[in-house]
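Asker: Here's my sequence, what's the structure:
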Amino acid sequence: MYERNYELLRSKFSEFFLPTLFTSMAGNICLFVDGLIVSFLLGAGNLSAIQIVAPVATFVNLIYWMIGLGGSVLCSVAKAEFDSDKSNGYFTVAIMSLLAIGILIAVFGLAFSGSIAKFLCASQSALIPDVNSYFVSLIIGMPFLCYMMSLSYFIRADGIPTLPFRAILLANIINICFDVIYIKFFALGIGGAALASSTGFLMGSIFISYYFIKSERTLQFIKLKVGKFFNYLKEIVTSGFSSSSTQLYLTLKLFIINILLGIYVGKSGLVAFGICYNSLFILYIFLIGTAQTMSPIVSVYFKEEDFSGVDYVIHRSLKIVLVSSLALSLLFIVYPQSLLMLYSVKNPADVPVVLNALRIFAISYVGTAITFLYTFYSQAIQKNQLSTIISLLEGLVLPIGFAVALSFVFGGNGIWISFALAEIFTIVFIFVYSKYINKKTDGEYSGFFINKHNDDNVFEHTIKGNIEEAVNLSREVQDYLKDNKSSTLVSLAIEEMLVNIINSNDEVDTIDVIVRDNGDEILISIKDTGIDFNPVIENDNLEFDNISVLNKIAEKIDYSRVLGLNSTVITIKN
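Answerer: Numbers count the residues shown, from 1 in each chain. Reported below is the predicted structural model:
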């Protein structure tokens, strides 16, 4: 009667997805608009200088993705394991490390700015003054960017997804406003655009720090011994490198592609690549929003061996990225002139190059969506080696290999084609690998996303938050386990816990109950969206004794507040 309907997961996904999507939108649309403002005020030719500095920005992205996102995933896993000390440890190490690294990047960048500008302009020495001006103004904002973005990952994992959205939106609005102020009124040129970004990072960092005075936060800074600090840092880097390595490979890819374009196409090629690269900001609104929503949810549910929940989340995520990438791809293939108008491309030498590049480059969008999501998914299920291989193939080896080889034959067209071919061959690799794993594990792992499946010893149920359904469900579970000697205790434990949840809240829409028979013990996993309540801790305000009964019949009760849900696991010995 009470089959699982995934309403709880659907609502939780939506709760996380919209603020995360808006956060991604705030960041990526504003970066897109930032480029438009620079093109409008200074001319599209100045995009070439910004494009040359792009590898620096992606390198910094690598750092805060690796430590911030990697640490937040481990933090979510620790919460799923009911280990608050470890989750606080990951939080402390990640934030402190990124603050220190951000400061070091700024100091090093300022000290060696001239040499870095010459290195970046290997094939276009005439752009060195503009590149140096942009680089210096951008690098001073890196400590604030690292802090703001890394903290945003942990805040979302702590079940407060709207605060990062507001902080990043504020940062980017300030960036856009100060673009006009610094460029038009203070005449700071291309350096003013970068200084506007740094100003936005500063203000966003101040705003997001409001998290530390919010009463509902669960993450705290704790003291750690030096050895433990670096052990945690090693775990975080190992966890986060697989997905963040896309930024490392993007850094190298951008640098090499910039050189190839300078050789085979010239400045028009750099302008075209800058617009193609900026067009990805629109696509990444949906890719980053979806992947960063999916990642912590999948990591928690996979750790709890709720493979049906993992399936639901990944397939919902896949639909979103496929629809958005296909729509955007068709738009720019059919009507690439839209971007030319937006970026004020008027130079007769640039127009045909940009149109041609956009049409070919847009073919790669759908493949990018699939491989990007898969990279985050494989990290979330802790298959970090697979995630790293995919990132290496898609982000560096295949595009650079194809670009170098095809540019000799087709010139600039060979470079644009290489991006689509890299995505196709990466997807083929994933498909072959999934078939190999399915065969190797005798079907234990199956499908493109190599997920397990809940077996016949797992019973999944969803009820509405009312006493009648709680009592009926406990009876139904007892019928399921009628051949098991602990069936009565399991039924009683479920009833006591569900009644307590319902009585503790004015309203609870949905409660998920999963019962897993492991032979020597039975695990009861209960998730609800009610107020924080730890059944292990005595509560003198309770007017009923359900929890005291539960504690007497259970072998062990584990509780954690994770993803904004009460997650309770009750162990009954057989």
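
Asker: Check which element follows the host helix or strand of residue 416 along the chain.
Answerer: Using DSSP states H and E, residue 416 sits in helix 412-440. Next helix or strand after helix 412-440 toward the C-terminus (DSSP H and E): strand 458-464.

Asker: Okay, strands next: where are they in the chain?
Answerer: In the chain, strands defined by DSSP state E lie at 458-464, 510-517, 521-528, 556-562, 565-573, listed in chain order.

Asker: Need the ones you listed in JSON lines (columns: mean neighbour count and distance to residue 493).
Answerer: For the C-beta atoms, the positions are set from N, CA and C on the backbone; glycine is no exception. Formatted as JSON lines, these follow (neighbours: other Cβ atoms under 10 Å; distance: least, Cβ to Cβ, whole Å):
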{"stretch": "strand 458-464", "mean neighbour count": "19", "distance to residue 493": "14"}
{"stretch": "strand 510-517", "mean neighbour count": "22", "distance to residue 493": "10"}
{"stretch": "strand 521-528", "mean neighbour count": "21", "distance to residue 493": "6"}
{"stretch": "strand 556-562", "mean neighbour count": "19", "distance to residue 493": "9"}
{"stretch": "strand 565-573", "mean neighbour count": "20", "distance to residue 493": "5"}
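
Asker: Lowest average pLDDT across these?
Answerer: If you rank the strands of the chain by mean pLDDT, strand 556-562 sits at the bottom with a mean of 77.

Asker: which strands and helices sit next to it?
Answerer: helix 70-80, strand 565-573 (3 or more Cβ pairs under 8 Å, 6 or more residues apart in numbering; DSSP states H and E).

Asker: export these to CSV and tack on distance to residue 314?
Answerer: As requested, the helices and strands packed on strand 556-562 are exported to CSV (distance: least, Cβ to Cβ, whole Å):
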stretch, distance to residue 314
helix 70-80, 15
strand 565-573, 19
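
Asker: right, and the ones you listed - which one's nearest residue 164?
Answerer: Closest to residue 164 of the helices and strands packed on strand 556-562 is helix 70-80 (Cβ to Cβ; 11.0 Å).

Asker: What about residue 52, how many residues nearby?
Answerer: Residues within reach of residue 52, counting by other Cβ atoms under 10 Å, total 27.

Asker: contacting residues for it?
Answerer: Residue 52 is in contact with 120, 121, 124, 127, 131, 258, 270, counting by Cβ atoms under 8 Å, 6 or more residues apart in numbering.

Asker: got the contact list for residue 489?
Answerer: Neighbouring residues of residue 489 by Cβ under 8 Å, 6+ apart: 553, 572.

Asker: how close does it get to residue 137?
Answerer: From residue 489 across to residue 137, the span is 67 Å (Cβ to Cβ, to the nearest Å).

Asker: So which helix or strand of the chain has the lowest pLDDT on average?
Answerer: helix 546-553 (a mean of 66; mean pLDDT, DSSP states H and E).

Asker: How far away from the center of its chain is the helix holding residue 416?
Answerer: 22 Å (Cα atoms, centre = their mean, to the nearest Å).

Asker: If you count neighbours, what's buried in it?
Answerer: Across helix 412-440, burial judged by 16 or more other Cβ atoms under 10 Å covers 412-423, 425-427, 429-430, 434, 437-438.

Asker: For it, which helices and strands make contact with it?
Answerer: Looks like helix 412-440 contacts helix 226-264, helix 267-303, helix 351-361, helix 365-380, helix 384-392, helix 398-410 (3+ Cβ pairs under 8 Å, 6+ apart).

Asker: can you count the residues close to the spatially closest residue to residue 248 that is not a sequence neighbour?
Answerer: Leaving aside its chain neighbours, residue 248 sits nearest to residue 62 (4.9 Å; criterion: Cβ to Cβ, 6 or more residues apart in numbering). Residue 62 has 20 neighbouring residues, counting by other Cβ under 10 Å.

Asker: Surely residue 62 touches residue 240?
Answerer: No: judged on Cβ atoms under 8 Å, residue 62 makes no contact with residue 240 at a distance of 9.5 Å.

Asker: returning to that earlier point: dump the strands of the chain into TSV; add distance to residue 501 as well.
Answerer: Below are the strands of the chain laid out as TSV (distance: least, Cβ to Cβ, whole Å):
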stretch	distance to residue 501
strand 458-464	10
strand 510-517	6
strand 521-528	5
strand 556-562	12
strand 565-573	7
